[in-house]
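> I would like the atomic coordinates for the input below:
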Amino acid sequence: PSAEDFDCVMRERDEARRASTRAEERASEAREESERLAGRISEMTDLACKAARETSDAQGALERAEAAAAAERARAERAEAEVGECDALREACVDACRAV
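Here you go, the predicted model:
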């Protein structure tokens, strides 16, 4: 082999080493980005779980409030019926007193 062949082989080896180094750097950057994204996914998952719990809690509170409102409406309807009965009794008493 000539000196020219040797120089060519050495240049190719150096280029291959540089390409290998660049590939290793890109792989390292890709690993770092993958780790960063995995951390971000974990954060987002935690936030989604928290939001789901809060939504569930809010739904439960809404259902309890609706049940309390329905019970209050029922009490109000009973009170109105009692007022109607009292009015009828008062009218009956007034009529009875007039009849005497």
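
> E85 sits in which helix or strand?
helix 3-99 (DSSP states H and E).

> Tell me how confident the model is about that helix, as a mean pLDDT.
Taken as a whole, helix 3-99 has a mean pLDDT of 96.

> Got phi/psi on S2?
The phi and psi values for S2, taken as degrees, to the nearest 10, are phi -90, psi 170.

> Tally up the residues packed near it, please.
Using other C-beta atoms under 10 Å, S2 has 7 neighbouring residues. In short, each C-beta sits where N, CA and C put it, glycine included.

> Relative to G60, how far out is it?
86 Å (C-beta to C-beta, to the nearest Å).

> can you check A48 too?
A48 is 19 Å from G60, by C-beta to C-beta.

> How much space separates the residue nearest the centre of the chain from M44?
Taking C-alpha atoms, centre = their mean, the centroid of the chain lies closest to A51, which sits 2.4 Å from it. Applying C-beta to C-beta, one obtains 10 Å for the distance of A51 from M44.

> And for R22?
In terms of C-beta to C-beta, R22 sits 32 Å off from M44.

> Kindly report the same for D7.
From D7 to M44 the distance is 55 Å (C-beta to C-beta).

> Ok, P1 next?
Taking C-beta to C-beta, one finds P1 at 59 Å from M44.

> Compare the two and say which is more crowded by neighbours.
Taking neighbours as other C-beta under 10 Å, P1 and M44 compare with M44 leading, 10 against 7.

> Can you give the contact residues for stretch 65-74?
With contact meaning C-beta atoms under 8 Å, 6 or more residues apart in numbering, stretch 65-74 is reached by no other residue.

> Okay, buried residues for it please.
For stretch 65-74, a neighbour-count test (16 or more other C-beta atoms under 10 Å) marks nothing as buried.
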